[in-house]
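Enquirer: Structure of the sequence below:
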Amino acid sequence: MYLLKKINTALFVFTIFVIFSCVSEEQSFVQFDTIKNGSFVFVNQPLVLTGVVSLDIKEVQLWIDGKQMAQSIPKSGDFVINIEFIEVGYMLNLELIAYNDEGRVIAAKNYLINAILEPLLSLTNVEANQKFSINESVVITGTADPTLASVELVLSGASIGEIEIPRSTDAYNFSFNHTFDSLGDNLSLAVRAYNNYGHIVKKVSYNISVVDLQDITDEFDIAAPTSDQISRNLSLWATYYYLPRYESRDFGIPLRDLQGDSLGPMLTNREWCMAAMEGSVNITMGDNEPVTYNYAGTSSGYEVNCSAYFSHNVSRTKFRHALGPYGDGIGQYKLVPYRTIAVDKNNIAYGSVVYIPAARGTVITLPNGSNVTHDGYFFAGDTGGVIKNSHIDVFIGISTQNPFSWVTSSSSNKFDAKIINDSEIIDRLMSKHNDL
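Expert: Now for the predicted structure:
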């Protein structure tokens, strides 16, 4: 009887030890937080893989298909492994093996991943922090690798649409039509690329905002400059330009990109020439919201004869989708009605603020229909082929009526202007041209 009690006691102690050991083993863990089963990684690109472990783990080793590739010493439950895949491989077995301070394996985790060449994927007419106008119909374009199966456009987690990519050896140019119907800041606009198994293999995203047109125009409330805010006096003469607005024609001359491909809208000969001369155009196609197109450059082929309207040759003009709702200026600047001027950079540097006393006090009508009094300040954010020396071109938005008496389109009618050196004024006008 005594022997039986000792055996039972020993079994009890052994059972408790086993249970305790199992609990201890179950509490030990190791895992990645940057990849999961089925993940895709790109070859020839350094990777920083991070993960978490239980605090009893002192070393983590990474094994790939039975070969040790890296190790890491965890700190406060986190570990980092740097690695680079140099060959394409599918269903690779990644194994994390965790050791305690006695060198004993106490946890492990396996992942099956794929190492692939990075596919081509980009949005060609979207940039970070871009602002779109509410209720404006836009065409979002991009380029995708022909090895991909499809691309999906996603706005803040909600799918806008998905396009299948046809089998080809050439990069595929895709486009999505979308109308932003609600206001928002810091929205995520992303394009996802899928392979033939429905897995996301690449994602490109941008933070954007959707604003009202009234938010895009300025408030024109800057005080007149003091003498210490002026760095240089100028004598200038001015013309004006605007954003033409047309309905697309069933038959006509198409707007084409630099490669000669049609962008969709078609205009009459006169309308096309006006768009080429002004540098941007706003076109409505059917029941869709209007879309703005911008001067992209010149290229041979599909030339349009505009000699009946202008002596300046614009026949080789090609277009692209504009980033700003009123069109784009030089570099990354967007056109702002009654603020942007086109200049000769040899006379006025791009990014300069020009104060024109004669403009101050002029009542102007903004695109949203409201009337404001101009404060006299303009921003050098554009240029043009005929803008030379003391000639400037004033952008007046969608209006075709010039409100400024000093803009006479005559080089003999010059007016005084001043270059402003005040950083606060410069930053304010620059932000309007950068952040549209």
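
Enquirer: need the contact list for Tyr355.
Expert: Ala224, Pro225, Ile230, Gly376, Tyr377, Phe378, Ala417, Lys418, Ile419, Ile420 (C-beta atoms under 8 Å, 6 or more residues apart in numbering). For the C-beta atoms, the positions are set from N, CA and C on the backbone; glycine is no exception.

Enquirer: tally of neighbours for the closest residue to it other than its chain neighbours?
Expert: Distance criterion C-beta to C-beta, 6 or more residues apart in numbering; nearest residue to Tyr355, sequence neighbours excluded, is Lys418 at 4.6 Å. Residues near Lys418, counting by other C-beta atoms under 10 Å, number 20.

Enquirer: Are we agreed that Lys418 is in a helix?
Expert: No: counting by DSSP: H, G, I helix; E, B strand; the rest coil, one finds Lys418 to be strand, located in no helix.

Enquirer: which residues does it bridge with?
Expert: Beta-bridge pairing for Lys418 (DSSP bridges): Asn233, Tyr355.

Enquirer: out of the contacts of Tyr355, who has the most neighbours?
Expert: Ranked by neighbour count (other C-beta under 10 Å), these have Phe378 at the top, with 27 neighbours.

Enquirer: Please name the residues that touch that one.
Expert: With contacts defined as C-beta under 8 Å, 6+ apart, Phe378 is in contact with Arg339, Thr340, Ile341, Val353, Val354, Tyr355, Ile356, Ala359, Val394.

Enquirer: Export those residues as a markdown table, with columns for distance to Arg270 and pLDDT.
Expert: Formatted as a markdown table, the contacts of Phe378 follow (distance: C-beta to C-beta, whole Å; pLDDT from 0 to 100):
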| residue | distance to Arg270 | pLDDT |
| --- | --- | --- |
| Arg339 | 28 | 96 |
| Thr340 | 25 | 97 |
| Ile341 | 26 | 98 |
| Val353 | 36 | 97 |
| Val354 | 32 | 98 |
| Tyr355 | 37 | 98 |
| Ile356 | 32 | 98 |
| Ala359 | 31 | 97 |
| Val394 | 23 | 97 |
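
Enquirer: ok, and the most crowded of those residues?
Expert: Per-residue neighbour counts (other C-beta under 10 Å) across the contacts of Phe378 peak at Thr340, which has 29 neighbours.

Enquirer: Bridged to it, which residues?
Expert: Phe379.

Enquirer: got the contact list for it?
Expert: Neighbours of Thr340 in contact, by C-beta under 8 Å, 6+ apart: Gly329, Tyr333, Phe378, Phe379, Gly381, Asp382, Val394, Phe395, His433.

Enquirer: can you do 6 Å?
Expert: Gly329, Phe379, Gly381, Asp382, Phe395 (C-beta atoms under 6 Å, 6 or more residues apart in numbering).

Enquirer: Need the pLDDT of the spatially most central residue of the chain.
Expert: Against the mean C-alpha coordinate of the chain, by C-alpha atoms, centre = their mean, the closest residue is Glu127 at 2.0 Å. On pLDDT, Glu127 comes in at 80.

Enquirer: and if you look at Gly351?
Expert: On the pLDDT scale, Gly351 gets 96.

Enquirer: for Phe132, same thing?
Expert: 80.

Enquirer: wait, is it part of a helix?
Expert: No: per three-state DSSP, Phe132 lies outside any helix segment and is strand.

Enquirer: dump the residue contacts of it.
Expert: Phe180, Val210.

Enquirer: ditto for Ala342
Expert: Taking C-beta under 6 Å, 6+ apart, one finds Asp382, Thr383, Gly384, Ile387, Asp393 in contact with Ala342.

Enquirer: Now render these as JSON lines, adding distance to Val151.
Expert: Listed next are those as JSON lines, based on distance: C-beta to C-beta, whole Å:
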{"residue": "Asp382", "distance to Val151": "33"}
{"residue": "Thr383", "distance to Val151": "35"}
{"residue": "Gly384", "distance to Val151": "36"}
{"residue": "Ile387", "distance to Val151": "40"}
{"residue": "Asp393", "distance to Val151": "39"}
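
Enquirer: So which of those residues sit within strands?
Expert: Applying DSSP state E to the contacts of Ala342, the entries found in strands are Asp382, Asp393.

Enquirer: now the contacts of Ala342 as a markdown table including pLDDT, neighbour count and distance to Arg245?
Expert: What follows is these, written out as a markdown table (pLDDT from 0 to 100; neighbours: other C-beta atoms under 10 Å; distance: C-beta to C-beta, whole Å):
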| residue | pLDDT | neighbour count | distance to Arg245 |
| --- | --- | --- | --- |
| Asp382 | 96 | 27 | 19 |
| Thr383 | 94 | 18 | 23 |
| Gly384 | 90 | 21 | 20 |
| Ile387 | 94 | 20 | 23 |
| Asp393 | 97 | 21 | 19 |
